[in-house]
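>>> how would this look folded up:
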Amino acid sequence: MKERVYIATFAKNACQVARDYGYGLELNDLCISVNLDPLNRERVLARMKREIAACYGEEWFQQPESERRKVIMHGPFTELTPSAIDPRAIALMNERYDQTLAFCRELGIRDLVLHDGHIPLLYHKEWHHKRSVQFWQAFAERLPAGMTCYIENVFDDEPELLTGILDETGRDCYRICLDVGHAHCMTGKDWQVTDWIRHMGRRIGHFHIHNNDGTADQHNDVMDGSLDMEEVLRTAAAYCDADVTFTVESREAEPSARWLLAGERE
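Modelled structure (predicted):
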């Protein structure tokens, strides 16, 4: 499993832990949209290069892209939703995503996580579905060849909204990033996290794994909460493709990294 595990860079000592345990990196530098502004671009790009080098070594940049260990980019999400009614808000979203693609091209990154942008109570699910299909179909035309975009649940209270959007969008470049911590604290009583996995199945290409007590998005260690992570991993192995990947999104990287390595989990 080691080759399919990544550490989110917002975690404490993420790069060192990833290198020590043989895990990969998911870069979080662009999550806050202001980091994409031209005044910040070179500083943020340099920081991401340092993070990659700290994990993989400087030789990563000298290797052909086809031979590099994968790096995952997490794109911006602040104030961005395809449900937006104001066309200027959609224009901002397109601008931020295009800026993100420019970072990916410069670094040779071909795996991108973006939030689905569902905001309950503000936008009805039917409206969010319609607008999301329109947005993701148009955005697919701008993705570089060979890039995979993983669309992540955040405030969704059930899995059918995201699977319905993905299925109707109908583009092979999209997979689901199932954030099990988000699902655990947001899901309705009719859905357990393992039900999400069974329902989404092979649509899932990537997981974000962290734990909480079921009341809030706490980003605890993977074993620190009321979500049974052993059962989550067993269900993922049964219902997802064998190459599905996992990013640890715990605030403390090392305890989760150690737990995943223990017992040589497959």
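
>>> C-alpha from now on. contacts and neighbour counts both.
Fine.

>>> isn't Tyr56 right up against Arg19?
Yes: with contact defined as CA atoms under 8 Å, Tyr56 counts as touching Arg19 (6.8 Å).

>>> Look at the two and report which has more neighbours.
Between Tyr56 and Arg19, counted using other CA atoms under 10 Å, Tyr56 has the larger neighbour count: 22 against 18.

>>> Confirm that Gly214 sits in a strand.
No: if the criterion is DSSP: H, G, I helix; E, B strand; the rest coil, then Gly214 is coil and not within a strand.

>>> Tell me how far it lies from Glu58.
Counting by CA to CA, to the nearest Å, the gap between Gly214 and Glu58 amounts to 41 Å.

>>> who's more crowded, these two?
A side-by-side neighbour count of Gly214 and Glu58, using other CA under 10 Å, places Gly214 first with 17 against 13.

>>> residue contacts, the more buried one?
His184, Cys185, Met186, Gly225, Ser226, Leu227 (CA atoms under 8 Å, 6 or more residues apart in numbering).

>>> Repeat that for Gly225.
Counted by CA under 8 Å, 6+ apart, Gly225 has contacts Asn211, Asn212, Asp213, Gly214.

>>> Most neighbours among the residues you listed, which one?
Neighbour max across these (other CA under 10 Å) = Asn211, 27 neighbours.

>>> any idea how far Gly205 is from it?
20 Å.

>>> got any ranges where this protein has weak pLDDT?
263-266 (pLDDT under 70).

>>> What ranges does it have for its strands?
In the chain, the strands defined using DSSP state E lie at 5-8, 24-27, 71-74, 111-115, 148-152, 174-179, 204-209, 245-248.

>>> export those to TSV and tack on distance to Lys49?
Formatted as TSV, the strands of the chain follow (distance: least, CA to CA, whole Å):
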stretch	distance to Lys49
strand 5-8	15
strand 24-27	10
strand 71-74	11
strand 111-115	16
strand 148-152	21
strand 174-179	24
strand 204-209	23
strand 245-248	19
